[in-house]
Each structure stands twice: as structure tokens, then as C-alpha cells.
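Colleague: Kindly return the folded structure for what I paste below:
(2 chains)
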Number of protein chains: 2
Amino acid sequence: MRLIPEPLNAQVFAPFGEVIEAGDAAPSFFINGGTTQRFHDLAAVTMMEEAEDSQGSRPVHAGISVFRGQARRFPMMITMLERHPKGSQAFMPLQGRPYFVVVAPPGENDEPDLSQLRLFYASGQQGVNYHQGTWHHPLLALEQTSDFLVVDRIGGGSNCDEYPFPDGQSYVIDTGK
Amino acid sequence: MRLIPEPLNAQVFAPFGEVIEAGDAAPSFFINGGTTQRFHDLAAVTMMEEAEDSQGSRPVHAGISVFRGQARRFPMMITMLERHPKGSQAFMPLQGRPYFVVVAPPGENDEPDLSQLRLFYASGQQGVNYHQGTWHHPLLALEQTSDFLVVDRIGGGSNCDEYPFPDGQSYVIDTGK
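Modeller: Numbering: from 1, shown residues only, chains lettered A, B, ... in the order given. From the prediction side, this is the model:
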């Protein structure tokens, strides 16, 4: 089955998370003596605090990382999704490069509902913040290796569930290039 | 007194916060089947949780915002610093544009030590995460209006102290242009 890309906006993405985007639609106000426009609180970092098996010197915290994603080749078969049960995860492009976002709502048996799999085309000015537990595909950079700022929970305990698609279920992103 | 810009790196900035930068010096590993390099946990979001006078529907949280900073004009007089006593504050440039960072260590009487005021030139690939309570100047974009992703504590209670410099103390950023 071929996935058709939809343009990303806050409304269509609301079941899955927040779109991080400065613009007229975003709440904003001026600070710093009028020199800075603050597009305020576009996304909330959420996380479970407990760390039954926390390791290292830093306790559980929201950490800021950079993901450098290789460009994918299309047509591309989508064969799995993942989710982070203990925290939200935000991605913001750092070089203005677009990317793909694949998500699915929850279905039965603690699995994603693949019949409602969605493909969004995010512009290089749009970040996404997956709600805690949202099923999504790992980073899908497009034509070039691309850097993204990532904000997610770092700390003890398993925070990544993977769902490999059942045999016979195949979804394809075909950019036509 | 004229402030001389220093190049920014993790070591010189350590007393004030973290530098958010992907590169050979940053700890990283590969994820997503080898397609993504994760420069991991470059900065930690910290915050005080209590919200004695919290307002609105969201509790105290780390929020993700976009700051759109107007370009400053130089020479520019630096006449104040601010600090956020209840949380860290991270800035990451979204368009690869450099900016200035002005910080001071704590001095006496809960004031910044202006004799140790520092000016850093941050490249467009470098973010900063001010430690909770670090005295710093508001956003200083350079030649163009520039967007920055900001991660900071959002919620109840005053979280911004301002320190206007005493009369007669003037510091100037002069880029020579």
C-alpha cells in the first residue's frame, strides 16, 4: 500500500503531538525590550520521572541532543514503528530541510492501528513533538544528511518499544523521484 | 570598556552552561539501524517544579518555543543582564546564523561580577544552554533577524531577575563594522 504525503499542520497532527512552528498561527508576544518575538510554549516536554535502573551521573532529565539523519532512498518500505512510553520526543530541523513523519494512532492489543497509518511532509521550518507513547517511524531525512535538535527523556528504564509490521503488511513511501 | 569576542567552546563556557554542538568532540552513537548519528545529551534541562502561583491549563513544564530575534546594531552598549533562577534556558539557531552571548559569573550581594563579563561569538551551528541562574544578556542576533529554538521552564512564579548596570559602568560590543 502506498502512503500519500499530507502537508503537516497543528490541527491534523494534534492526535499525535505538537507542530513546532513560528508563524501567525502561533501564540506570541514581544520580550527583551521589543527586540525578540517569543512564539511561546509551542510544545511541552513530558516525562516519567522514575528511574528504577538509572545509570550514570545525571538523573532522569529532559536532554537536548542532535540527531544527524542520513537521507533515505525512495521508494522506501515502511516496516516498523516505535514509541517512547516514558516521554515526549521533539525534533526540530536545524538546516531548514524538510523531512517525512510517519505516525499511527493506537489500535488494539497495545499495537498501532496500521489501517490509519499517516505520512506527513514536514517543511524545514516545522518541528514535531511526539506525545509520550505516540507510535512513529524513526527519523526520515530526505535529500541530504540533515541535523535535528531533539529534546527527549534521558535516564533509566526502557523507553523504546518497537513494533515490526506483521508479514504481508507493507507500506511504501514513493516520492516519484 | 570594550568587550572582546571570544570563540565559543564547551570548555570556556562550562562555568555558564553547555554548548550544544554536533561534532567530533561530542559523545555520539548510531541508532535507527545505523541511519542516524545521535550526539547524545549535549545539554540538560533543569527546573524547579513548584508553582506556587501557577496559571493556565498546563502545569510547570519544560516548554519548547521559538525566539525570533531582531538584528542588533553595533556598536552596542550592554547595560543589563538577566537570569532565570528557576530553570535552565537553551538557545539553538535554526537558520545557521551566528550570534553573541554575554555572560558573567556570580559576584557579591547576589549580583553578577561585571569585572568578569565575557562576550562569546557563537557560530550558527552552536547552541547554548544557560545553567539555571546564570547571568546572561538577552538574545543578540547579528546581521539578520534570526530564529532560535528555546527550551526553558514555563509555569508559575517569577523566573526572571534583571540586573541593570550601575551608573558609570558601560560595556560596549563593537564589531568594527
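
Colleague: Now do the SS call for the residue of chain A most remote from its centre.
Modeller: Ranked by distance from the centre of chain A (CA atoms, centre = their mean), the top residue is residue A:33, with 33.8 Å. Of the three states, residue A:33 takes helix according to DSSP: H, G, I helix; E, B strand; the rest coil.

Colleague: Next up, the contacts around it.
Modeller: Counting by CB atoms under 8 Å, 6 or more residues apart in numbering or on different chains, residue A:33 makes contact with residue B:138. Glycine gets a C-beta too; all of them are placed from N, C-alpha and C.

Colleague: State the distance from it to residue B:95.
Modeller: For residue A:33, the distance to residue B:95 (CB to CB, to the nearest Å) stands at 22 Å.

Colleague: same check, this time on residue A:34
Modeller: Distance check for residue A:34 against residue B:95: by CB to CB, it reads 21 Å.

Colleague: if you count what's nearby, which of those two comes out ahead?
Modeller: Shown here are residue A:34 and residue B:95; by other CB atoms under 10 Å in any protein chain shown, residue B:95 has more neighbours (16 against 8).

Colleague: Please report phi then psi for that one.
Modeller: Note on residue B:95: its backbone torsions stand at phi -130, psi 20 [degrees, to the nearest 10].

Colleague: so it makes contact with residue B:149?
Modeller: No. Residue B:95 is beyond contact range of residue B:149, at 10.8 Å (criterion: CB atoms under 8 Å).

Colleague: end-to-end on stretch A:91-105?
Modeller: Using CA to CA, to the nearest Å, the end-to-end distance of stretch A:91-105 comes out at 19 Å.

Colleague: Which of the three states applies to residue A:85?
Modeller: Under the three-state scheme (three-state DSSP), the conformation of residue A:85 reads as coil.

Colleague: Just the pLDDT for it.
Modeller: On the pLDDT scale, residue A:85 is placed at 96.

Colleague: Just give the number of residues close to it.
Modeller: As a burial measure, the neighbour count of residue A:85 was computed by other CB under 10 Å and equals 14.

Colleague: which SS state does the nearest residue to it once chain neighbours are set aside fall under?
Modeller: Of all residues beyond its chain neighbours, the one nearest residue A:85 is residue A:133 (5.4 Å), with distances taken as CB to CB, 6 or more residues apart in numbering or on different chains. Reducing the assignment at residue A:133 to three states with three-state DSSP gives coil.

Colleague: okay but residue A:1 is in contact with residue A:174, surely?
Modeller: No. Contact between residue A:1 and residue A:174 fails when scored by CB under 8 Å: they sit 10.8 Å apart.

Colleague: Kindly provide the whole-number mean pLDDT of the host helix or strand of residue A:62.
Modeller: Here residue A:62 sits within strand A:61-69, counting by DSSP states H and E. Averaging the model's pLDDT scores along strand A:61-69 yields 97.

Colleague: The helix or strand that comes right after that strand pairs with which strands, parallel or anti?
Modeller: Past strand A:61-69, further along toward the C-terminus, the next helix or strand under DSSP H and E is strand A:76-78. Strand A:76-78 has its sheet partners listed here by DSSP bridges as strand A:171-173 (antiparallel).

Colleague: and the angle for whichever strand or helix holds residue A:90 with strand A:61-69?
Modeller: Under the assignment given by DSSP H and E, the secondary-structure element containing residue A:90 is strand A:89-93. Orientation of strand A:89-93 against strand A:61-69 (axes from the mean of the first three to the mean of the last three CA atoms, to 10 degrees) gives an angle of 40 degrees.

Colleague: Paired strands for whichever strand or helix holds residue A:128, with orientation please.
Modeller: In this structure, residue A:128 is located in strand A:127-130 according to DSSP H and E. The strands beside strand A:127-130 in its sheet (DSSP bridges) come out as strand A:17-20 (antiparallel), strand A:89-93 (antiparallel).

Colleague: could I get those as JSON lines with mean neighbour count?
Modeller: Supplementary listing: the strands paired with strand A:127-130 in JSON lines, determined by neighbours: other CB atoms under 10 Å in any protein chain shown:
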{"stretch": "strand A:17-20", "mean neighbour count": "24"}
{"stretch": "strand A:89-93", "mean neighbour count": "25"}
